[in-house]
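attaching a predicted model along with its sequence, questions to come.
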Amino acid sequence: MFFSKVLRGIDHPYIEQPGGRRANNSKPMQGMTMASLNHHKALQPLFAIIGAGMVFVAAYCVRLATKTTDVNWSKTKDPSAPYNYYANRQFKILNPAGVDYSKDYLAGRPQI
């Protein structure tokens, strides 16, 4: 019963007539067209910063999907085989300790 009331509300004069919701929502919001963005100078740096942030987030998600051990793209039967690929590799972004991962890092450590 509630769902049918919602569907009947679509052809209500509040939605369809001049000055209704559909007519008001057909116009783009201020700041969403180039003409209004050129008029509102304060919105330009905001759009640039938000746009750069979205690009960096997308790039980091792609990096996480391709470089870390959390995602396995190879379909091998042996479950330990994908982890052998990362045996002597660095997949961290920063290496403040300066560890050389090209050498066998765990070979010289004493076993506990």
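Everything's here; your move.

every contact and neighbour count from this point should use C-alpha atoms.
Fine.

where in this protein is pLDDT low?
By pLDDT under 70, the weakly predicted segments of the chain are 1, 7-13, 90-92, 101, 103-112.

any idea how it splits into domains?
Split into domains by automatic domain parsing, the chain comes to 1-30, 40-91.

so which of these is nearest S102?
S102 sits nearest to domain 40-91 of all the domains of the chain, at 5.3 Å, using C-alpha to C-alpha.

can I get the domains of the chain in a markdown table including distance to G98 and mean neighbour count?
Formatted as a markdown table, the domains of the chain follow (distance: least, C-alpha to C-alpha, whole Å; neighbours: other C-alpha atoms under 10 Å):
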| stretch | distance to G98 | mean neighbour count |
| --- | --- | --- |
| domain 1-30 | 50 | 11 |
| domain 40-91 | 11 | 12 |
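
could I get those domains as TSV with distance to S102?
Converted to TSV, the domains of the chain look like this (distance: least, C-alpha to C-alpha, whole Å):
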stretch	distance to S102
domain 1-30	54
domain 40-91	5
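
which one of those domains lies closest to V99?
domain 40-91 (8.9 Å).

how far does that closest one sit from the chain's center?
Distance of domain 40-91 from the chain centroid (C-alpha atoms, centre = their mean, to the nearest Å) equals 9 Å.
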